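> whatever this is, show me its structure:
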Amino acid sequence: MSKVDKRFTILFSDEELMLLKANANLRGMSVGELVRVSVQNEITQKSVADKLRALQNIYNLGKQSSIL
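All right, here's what the predicted structure looks like:
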């Protein structure tokens, strides 16, 4: 992960903060790190449709080259 040197303010409800703290504690990380990792995962996450399309493309390539 890149250098963390920028601030951003996010407001959470008591319930949301309680969930964040509990999850961060279970994972052995800070709430800030959990939020950063969660944002990164959400932004870079491929949709199920994208993954299925990629698998179909690989399968089709294999059929064309008689590998599969």
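
> next, the residue nearest to the spatial centre of the chain: secondary structure please.
Central residue of the chain (CA atoms, centre = their mean): residue 41, 1.7 Å from the mean position. With DSSP: H, G, I helix; E, B strand; the rest coil as the basis, the three-state label of residue 41 is helix.

> please report the distance of it from residue 65.
Noted for residue 41: a distance of 34 Å to residue 65, by CB to CB, to the nearest Å. For the C-beta atoms, the positions are set from N, CA and C on the backbone; glycine is no exception.

> can you check residue 44 too?
Taking CB to CB, one finds residue 44 at 30 Å from residue 65.

> same check, this time on residue 40
Remark: distance between residue 40 and residue 65 (CB to CB) = 36 Å.

> one more: residue 49?
25 Å.

> who touches residue 37 in this structure?
residue 29 (CB atoms under 8 Å, 6 or more residues apart in numbering).

> tell me how far the one helix or strand it maps to lies from the chain's centre.
Assigned by DSSP states H and E, residue 37 belongs to helix 31-44. How far helix 31-44 lies from its chain's middle: 7 Å, per CA atoms, centre = their mean, to the nearest Å.

> same check, this time on stretch 30-42
Centre to centre, stretch against its chain (CA atoms, centre = their mean), the figure for stretch 30-42 is 8 Å.

> cool, stretch 9-16 as well?
So, by CA atoms, centre = their mean, the centroid of stretch 9-16 is 20 Å from its chain's centroid.

> then it to PDB, C-alphas only?
Extracted as PDB, the C-alpha positions of stretch 9-16 are listed here (Å, rounded to 0.1, in the frame of the first residue of the first chain):
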ATOM      1  CA  THR A   9     -13.100  13.000   7.700                       C
ATOM      2  CA  ILE A  10     -16.000  10.400   7.700                       C
ATOM      3  CA  LEU A  11     -18.900  10.600  10.100                       C
ATOM      4  CA  PHE A  12     -20.200   7.200  11.500                       C
ATOM      5  CA  SER A  13     -23.100   6.400  13.700                       C
ATOM      6  CA  ASP A  14     -22.400   4.800  17.100                       C
ATOM      7  CA  GLU A  15     -23.500   1.400  15.600                       C
ATOM      8  CA  GLU A  16     -21.200   1.700  12.600                       C
END
